[in-house]
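*Asks:* only the shape, not the letters, is given here:
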Ligand SMILES: Cc1cc2nc3c(=O)[nH]c(=O)nc-3n(C[C@H](O)[C@H](O)[C@H](O)COP(=O)(O)O)c2cc1C
């Protein structure tokens, strides 16, 4: 028997600092068997270094991107507009960007080119504030039409009305090919982008819509004077599949294999690293910023991909934000808060495995 134990009164005058302990210990016993994982469960991308940091309490370090100082390396990928629900979703997304300090790409602003009917759906700058980037968005087919019709002023006016910092051009030949009401691309997107960049001083970002870019396209993009390349890689929202679901059964059967074509964000990040090194060596690297997106599930994916990139990079998500933004601002706010805390934790304890 411990000789000192009789010195402790049976009920201490001090409140128990760990009053939950018995319930917690009971939980541990009951839940232990439901918490068994195999070795395959472990994330092979990281070394876990539990000795080297305290729990993070400071905000994430700010980062310069697209001419702004961002409070977090995140980006809301272009989504929607032109329906009542889209307006609410955009406004929720913009509020989150303003509150947490990261940027946003609008969904296709085609409906705003010649009319203001849906302007309110896209008018998010007042909610976003002036401290984070905002980009308008158009498909490459629309941009080509504006160029051919000598209507570049319509583009400049669009960006001005939205108080945006520039324009995202989405290059989506697969989506247009499969979309029942899709546009025909009349010349290679590369030619459209070259002409656009020669004729405008707008800040331009280029993205796909969920199948990514192969190495030859990536090489061409990194040699252009773009503000950023947004991967919009495969592995998440698949617009080939989405358009086929809107299509008739015979087209669906014929073209379903096209939904399996594309590049993952990780594959693209490695290619971009290699291409950037080659272009840097030859003095032809002109685009120096990446938005790594497409199939980015969470902060761990985002941390891994941005930390592995040799070009300054942030990570973008579309469907993950959409899921919460649809439910209202509070669910979205909670989601974003948890993701940012998760990112701070990852930065403190996880190192990229060589
Ligand atoms: C509902 C919805 C609408 C979208 N609309 C656009 C669009 O108008 N323009 C665009 O460039 N990309 C659009 N995208 C594609 C996204 O920007 C993104 O590239 C793609 O969803 C892959 O990201 P994710 O896997 O995180 O969803 C849309 C995505 C979703 C889910």
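*Replies:* Arrived safely. None of the values given here were measured: they were computed from a predicted structure.
*Asks:* tell me if I'm right that residue 144 and residue 185 touch.
*Replies:* Yes. Checked against Cβ atoms under 8 Å, the pair residue 144 and residue 185 is within contact range at 7.5 Å. All C-beta spots, glycine's among them, are computed from the backbone N, C-alpha and C.
*Asks:* apart from its neighbours in sequence, what residue is nearest the residue of the chain at minimum distance from the ligand?
*Replies:* Ranking the residues of the chain by distance to the ligand (Cβ to the nearest ligand atom) places residue 236 first, at 2.0 Å. If the residues on either side of it in the chain are set aside, residue 236 comes closest to residue 295, at 3.4 Å by Cβ to Cβ, 6 or more residues apart in numbering.
*Asks:* now that neighbour: which helix or strand?
*Replies:* For residue 295, there is no helix or strand it lies in under DSSP states H and E.
*Asks:* surely the residue of the chain closest to the ligand forms part of a strand?
*Replies:* No. Looking at residue 236 with DSSP: H, G, I helix; E, B strand; the rest coil, it is coil, so not inside a strand.
*Asks:* count of neighbours near residue 175?
*Replies:* The local packing count at residue 175 equals 21, with neighbours defined by other Cβ atoms under 10 Å.
*Asks:* surely it forms part of a strand?
*Replies:* No. If the criterion is three-state DSSP, then residue 175 is helix and not within a strand.
*Asks:* surely residue 277 and residue 310 touch.
*Replies:* Yes. Applying Cβ under 8 Å as the test, residue 277 and residue 310 come out as touching, 7.0 Å apart.
*Asks:* between the two, which contacts overlap?
*Replies:* With contacts defined as Cβ atoms under 8 Å, 6 or more residues apart in numbering, no residue is adjacent to both residue 277 and residue 310.
*Asks:* please name the bridge partners of residue 63.
*Replies:* Each beta-bridge partner of residue 63 is listed here, defined by DSSP bridges: residue 70.
*Asks:* now do it, the pLDDT please.
*Replies:* Turning to residue 63, the model gives it a pLDDT of 97.
*Asks:* mind listing what it touches?
*Replies:* Remark: with contacts taken as Cβ under 8 Å, 6+ apart, residue 63 is in contact with 69, 70, 73, 312, 314.
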